[in-house]
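> Following is a predicted model, sequence given first.
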Amino acid sequence: MCGRFALTASPKEVDATFSLPDLEAFPPRYNIAPTQPILMVVAGEPREPGSNLPDRHSLLVRWGLIPTWVKDTREFPLLINARSETATEKASFRTAMRHRRALIPASGFYEWRQVGGKRTQAYWIRPKRGGVIAFAGLMETYAEPGGAEMDTGAILTTKASRDIAHIHDRMPVVIHQQDFSRWLDCRSQEPREVADLMRPMEPDFFEPIPVSDLVNKVANTGPRIQERVGAPEAPEPPKPERRKTSPATQDQMSLF
């Protein structure tokens with residue numbers, strides 16, 4: 001799964017990757033957590049004939065998708081991730097997969113290795129070559145009982161690639177730049193026609209960096225949480241007991 005990620009690229013870098021002429025300035029975010037606003041890119045209205053710009057625009061949505069049919073959000077689980085293998089079958093995600101696919105700009109994500117059900121080590125997982133990447137996302141606009149509307153979203157996940165499978169068995173779906181338009185095209189591309197895009201990344205695309213447990217707290221939002229720390233050391237094996245020697249053998253040389 002993906003429970004924390006970061007977007008530390010500048011607005012200029014994000015615009016260069018996603019072609020977003022309406023993008024507003026924003027600060028770097030090192031520890032984006034569920035229920036917080038996240039940047040999403042969706043298909044917009046077709047542009048004038050002859051325009052070289054894609055029909056996209058950006059918006060901020062709440063991380064945690066709420067389907068339109070939910071009556072009481074207090075009794076509904078927080079849907080921050082959607083399994084790509086079953087998203088078209090689940091009532092919570094089926095409509096968004098058909099009509100509201102999105103891209104989520106990111107610089108990388110965090111994952112925790114677990115042993116015995118307990119988190120033992122946090123990792124900052126980023127592209128080896130740097131730059132901005134795009135998570136596959138889903139968006140829904142939820143109408144609250146009072147009439148107010150709230151845009152919400154989730155990140156699609158898939159099986160982890162070989163380079164990070166030792167940390168966790170799931171990872172966000174990453175869409176390559178050449179596939180942005182096809183993924184966002186919900187007018188002519190049905191979910192089955194973009195299913196090939198929801199696959200693990202190529203091996204060696206990501207670099208997992210062990211980091212401290214500062215990332216565990218939402219209040220920690222500075223670059224320190226991405227600083228490399230030493231990986232957990234394996235416990236030293238017990239030293240063999242020295243055998244007692246008799247006076248007759250004390251003067252003999254030993255290799256141990």
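Noted; the coordinates are in hand.

> From Leu59, how far off is Ile209?
Ile209 is 31 Å from Leu59, where distance means C-beta to C-beta, to the nearest Å. All C-beta atoms are positioned from the backbone trio N, CA, C, and that covers glycine.

> Oh, that last question was meant for Glu193, not what I typed.
Glu193 sits 25 Å away from Leu59, going by C-beta to C-beta.

> Kindly report the same for Leu20.
10 Å.

> Show me which of these two is the more surrounded one.
Ranked by neighbour count (other C-beta atoms under 10 Å), Leu20 and Leu59 place Leu20 first, with 20 against 15.

> Hmm, Gly44 and that one touching each other?
No. The criterion here is C-beta atoms under 8 Å, and Leu20 misses it with Gly44 at 9.8 Å.

> which residues do those two both contact?
Common contacts of Leu20 and Gly44, defined by C-beta atoms under 8 Å, 6 or more residues apart in numbering, comprise Arg56, His57.

> helices or strands next to the longest helix seen in the chain in the packing?
Criterion DSSP state H: the longest helix present in the chain is helix 11-18. Counting contacts by 3 or more C-beta pairs under 8 Å, 6 or more residues apart in numbering; DSSP states H and E, helix 11-18 packs against strand 101-106.

> got the contact list for the helix or strand following the strand it packs on?
Once the chain leaves strand 101-106, the next helix or strand it forms, by DSSP states H and E, is strand 108-115. By C-beta under 8 Å, 6+ apart, the list of residues contacting strand 108-115 from outside reads 2-6, 31, 119-127, 133, 135, 164, 166-168, 171-172, 206, 208, 211, 215.

> Buried ones only from these, please, as a PyMOL command.
Command for PyMOL, covering only those of the contacts of strand 108-115 found buried under the criterion 16 or more other C-beta atoms under 10 Å:
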select buried, resi 2+3+4+5+6+31+121+122+123+124+125+126+127+133+135+164+167+168+171+172+206+208+211+215
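
> Perfect, that will be all.
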